[in-house]
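1. Give me a 3D structure for the following:
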Amino acid sequence: MQLSWLVAVALVSACGAPAASNAPPRSSPADVTTALTALIPQLMEAGDVPGLAIGLLRDDQLIWQHGFGVADAGTRRPVTRETVFQTASLCKPVFAYAVLKLVEAGELDLDRPLTSYLPGSYEVGPDPRLGQITARHVLSHTTGFPNWRTGALTIQLAPGTQFSYSGEGTVYLARVVEHISGEPFEAFMQRTVLDPLGMTHTSYGPPADASQIAIPHGLWGAPDASARPPSRDRNPAAGMYTTIEDYARFVIAIRRGTGLSPALRAQMLAPQVQVIDGPPESIDTPAPRRRADLAWGLGWGLETTTGGAAFWHWGDNGDTKAFVVGLAQPRLSVIVFANSVNGLSIIRELLAVALGVPQPGLDWLGYETYDDPVRVLARAIHLQGAEAALRDYRAGPTARIAEPALNRLGYQLARAHQLTDAIAVLAQNVADHPASANTYDSLAEIYELAGASDKAVANYEKSVALDPRNAHGVAALARLRRATP
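-> Below you'll find the model as predicted:
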């Protein structure tokens with residue numbers, strides 16, 4: 001049975017999980033856990049999330065943890081309390097905590113240039129601004145580095161002037177920490193954080209016992225053990241594996257200030273910079289506008305919710321997702337790990353039940369919900385192919401899916417090796433947004449991946465004509481033209 005795009009919209013809306021966005025706070029932990037136990041499987045089915053683990057903390061105690069679904073859809077191995085998940089960027093606050101312990105010991109100054117600890121140009125070349133970057137800049141994402149380089153690493157904003165999320169900054173600081181401590185990064189983290197906090201099931205890179213790992217899964221729940229690039233397996237910004245119970249130990253340590261003076265712990269959770277309205281990597285954001293309800297501390301996102309202040313962070317390694325949030329009052333925290341590219345599509349409803357207040361951080365991140373039109377279109381493509389699904393989409397409501405969302409869907413299809421469908425979606429994005437240089441650049445990139453060099457060149461040319469500053473397009477054109485006989 002094949003579903004049109006419009007029919008799919010109706011079915012997902014009708015058959016999805018019950019709305020929970022307006023759920024009131026529940027004073028009884030038993031009420032909350034009962035509600036979550038019923039709700040989460042429904043959300044997972046609606047959102048195509050194979051496996052999920054959750055932990056609830058109240059007054060600095062892990063009061064409930066539960067595994068749902070499967071760690072590996074291929075073997076049907078269930079998620080248990082021992083299941084180890086990739087945490088993606090949830091390891092950044094853990095690293096920040098380790099760095100602050102160095103500060104506490106007098107071995108690192110938050111405001112001293114990192115080049116004074118690790119002389120040289122790092123990987124940036126002769127840019128004098130490298131000498132301005134400090135540990136505070138790294139932990140508050142104000143280094144001016146991109147999130148991840150696509151070529152040579154460059155400083156793209158003056159350090160300290162604007163928030164722009166950067167994994168590259170974390171990697172740089174980790175190199176400095178290795179130089180100061182005289183030990184490899186993993187050994188340093190083991191000695192300063194994992195061993196003292198009793199995080200015995202946590203590692204950088206996959207644990208030795210692979211039978212406990214939650215395997216990443218793609219759009220439609222298919223397992224993909226190779227989803228993470230091997231070169232990032234031990235990345236200090238994205239490479240930590242852990243369990244709910246272990247990460248709860250870390251959150252409790254942050255709550256209590258374990259290993260830190262009250263003043264330094266207060267700095268960690270104090271705003272260092274306001275977040276820019278727009279994508280987390282804000283380097284290219286025109287006329288950046290600072291948000292009043294979101295800031296960044298030292299390793300943590302900070303938000304002002306309708307229920308008061310909270311610290312939070314998210315994790316996204318593609319086919320694995322994670323989220324942690326802690327309210328200041330009442331002292332409630334939630335940790336969620338999911339082994340799916342769709343893991344954050346169900347997080348709003350889940351957190352609404354667990355905490356009872358909206359999450360500004362989630363709104364800022366902009367992840368589609370499980371019943372968002374772009375997710376419904378994706379499901380229609382899965383069921384009937386892109387040509388038929390897009391035909392129904394064009395015949396449907398006049399409102400078009402936003403450019404970034406359709407662009408993400410194209411790349412998700414490409415990662416799932418559905419290049420023909422990916423090209424069709426990105427071509428639709430070009431048709432919907434013909435004045436956007438990015439739509440042509442993305443379509444060209446997938447054409448190149450598919451081996452259609454002539455079409456790749458044509459679209460890169462259109463992209464560069466619209467935006468001559470598109471360095472990616474300029475470099476791709478030069479490469480493809482050199483390769484043309």
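2. Please count neighbours and contacts with C-alpha atoms only from this point.
-> Will do.
3. so who does the residue lying closest to residue 199 once chain neighbours are set aside touch?
-> Computed as C-alpha to C-alpha, 6 or more residues apart in numbering, the closest residue to residue 199 that is not its neighbour in sequence is residue 246, at 4.9 Å. Residue 246 makes contacts with 198-202, as judged by C-alpha atoms under 8 Å, 6 or more residues apart in numbering.
4. so which of these comes closest to residue 177?
-> Set against residue 177, the nearest of those by C-alpha to C-alpha is residue 202 (19.8 Å).
5. So for the closest one, what's the nearest residue that isn't a sequence neighbour?
-> In space, residue 202 is closest to residue 242, 4.3 Å off (C-alpha to C-alpha, 6+ apart).
6. Got phi/psi on the one you found?
-> Taking degrees, to the nearest 10, you get phi -160, psi 180 for the backbone angles of residue 242.
7. Residue ranges in the stretch 101-250 of the chain under the pLDDT threshold?
-> The stretch 101-250 of the chain contains residues with pLDDT under 70 at 225-233.
8. Which parts of it are helices?
-> Here the stretch 101-250 of the chain has its helices, by DSSP state H, counting those that start in this stretch, at 135-139, 167-181, 185-189, 195-197, 244-256.
9. want to try TSV for the ones you listed, with distance to residue 474 as columns?
-> Shown next, in TSV, are these (distance: least, C-alpha to C-alpha, whole Å):
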stretch	distance to residue 474
helix 135-139	30
helix 167-181	23
helix 185-189	37
helix 195-197	48
helix 244-256	43
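10. right, so those helices: which one is the most enclosed?
-> Most buried of the helices of the stretch 101-250 of the chain, by mean neighbour count (mean count of other C-alpha atoms under 10 Å): helix 135-139, with a mean of 27.
11. same for it, what does it pack against?
-> Here helix 135-139 touches helix 167-181, going by 3 or more C-alpha pairs under 8 Å, 6 or more residues apart in numbering; DSSP states H and E.
12. that older thread, quick check, the residue nearest to residue 202 in contact with residue 206.
-> No - here residue 242 does not reach residue 206: they are 9.3 Å apart, not a contact under C-alpha atoms under 8 Å.
13. neighbour-wise, which of these two wins?
-> Comparing residue 242 with residue 206 by other C-alpha atoms under 10 Å, the one with more neighbours is residue 242, at 24 against 19.
14. so what's that one up against?
-> The contact partners of residue 242, taken as C-alpha under 8 Å, 6+ apart, are 84-87, 201-203.
15. Apply 10 Å and report the result again.
-> 82-87, 91, 199-204, 206-207, 213, 337 (C-alpha atoms under 10 Å, 6 or more residues apart in numbering).
16. Go ahead and build a ChimeraX selection from the buried members of those.
-> A single ChimeraX command suffices to select whichever of the contacts of residue 242 are buried according to 16 or more other C-alpha atoms under 10 Å:
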select :83,84,85,86,87,91,199,201,202,203,204,206,207,213,337
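17. What about the contacts of residue 242, which are in strands?
-> Among the contacts of residue 242, the members falling in strands are 85-86, 203-204, 337 (criterion: DSSP state E).
18. Using CSV, please lay out these together with distance to residue 481.
-> Output for those, formatted as CSV (distance: C-alpha to C-alpha, whole Å):
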residue, distance to residue 481
85, 43
86, 40
203, 45
204, 41
337, 44
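19. between the contacts of residue 246, which is closest to residue 145?
-> Using C-alpha to C-alpha, these come closest to residue 145 at residue 202, 28.4 Å.
20. right, and the closest one touches residue 241 too?
-> Yes - assessed by C-alpha atoms under 10 Å, residue 202 is found in contact with residue 241 at 5.5 Å.
21. Touching both of those two, which residues are there?
-> Here residue 202 and residue 241 have 84-86, 247 as joint contacts, going by C-alpha under 10 Å, 6+ apart.
22. May I see the buried residues of the top helix by length along the chain?
-> Scanning the chain for the longest helix, with DSSP state H as the assignment, gives helix 29-47. For helix 29-47, burial by neighbour count (16+ other C-alpha under 10 Å) applies to 32-33, 36, 39-44, 46-47.
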